[in-house]
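Asker: what follows is a protein structure lacking sequence information:
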């Protein structure tokens, strides 16, 4: 072991890398939350916030648009962001029953929620670290109800 917190031990190295990722992910999620709170033109019918004790788990509600079959409905979702966010996408789980061809066992099948190299996503599609929590919510609202 060397002084200054640098260890040769691979396990400690992984911990250090995970701590850096968590710190970056934490900062990015805080930025994403501020973006949602301070948005000049809020996304109509969408609310979201992290849990009080877990910045990596967010709960969101999306209101069914007036001009659709879902008008008047409120659909509750949970977004779980990985420690590697924004390099990897959140998982989104729907807690309100929604008959939709791309909802399976309460999980939403949407290209932007998968890594581009995964077999189910076409080349050029999939997750990008440029996406934010706001862009995920906006895309979900459009995808589910239009």
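Answerer: Sure, I can see it. Here the structure is a predicted model, which means the values were calculated and not measured.

Asker: how about the nearest residue to residue 36, chain neighbours excluded?
Answerer: The shortest distance from residue 36 to any non-neighbouring residue, by Cβ to Cβ, 6 or more residues apart in numbering, is to residue 134 (5.4 Å). Placement of C-beta: from N, CA and C, glycine included.

Asker: what helix or strand is the one you found located in?
Answerer: Element membership of residue 134 [criterion: DSSP states H and E] is helix 133-145.

Asker: buried set for that helix?
Answerer: Buried residues in helix 133-145, defined by neighbour count with 16 or more other Cβ atoms under 10 Å: 133, 134, 136, 137, 140, 141, 143, 144, 145.

Asker: what's near enough to touch the first one?
Answerer: Shown in contact with residue 133 (Cβ atoms under 8 Å, 6 or more residues apart in numbering): 29, 32, 33, 35, 36, 48, 58, 79, 81, 90.

Asker: now flag whichever of the residues you listed is closest to residue 97.
Answerer: Nearest to residue 97 among these: residue 79, at 18.4 Å, using Cβ to Cβ.

Asker: I'd say the closest one and residue 92 touch.
Answerer: Yes - here residue 79 reaches residue 92: they are 5.4 Å apart, a contact under Cβ atoms under 8 Å.

Asker: if I look at these two, which residues touch both of them?
Answerer: residue 136.

Asker: what segments of the chain are helices?
Answerer: Assigned by DSSP state H, the helices in the chain fall at 10-37, 133-145.

Asker: weakest of those by average pLDDT?
Answerer: Ranked by mean pLDDT, the helices of the chain end with helix 10-37 at the bottom, a mean of 73.

Asker: point to the residue nearest the middle of the chain.
Answerer: Taking Cα atoms, centre = their mean as the criterion, residue 90 is the residue nearest the geometric centre of the chain, at 3.5 Å.

Asker: which residues sit in contact with it?
Answerer: Taking Cβ under 8 Å, 6+ apart, we find residue 90 in contact with 58, 79, 80, 81, 82, 113, 133, 136.

Asker: where does this structure have low pLDDT?
Answerer: Counting by pLDDT under 70, the chain has low-confidence residues at 1-22, 40-42, 116-124.
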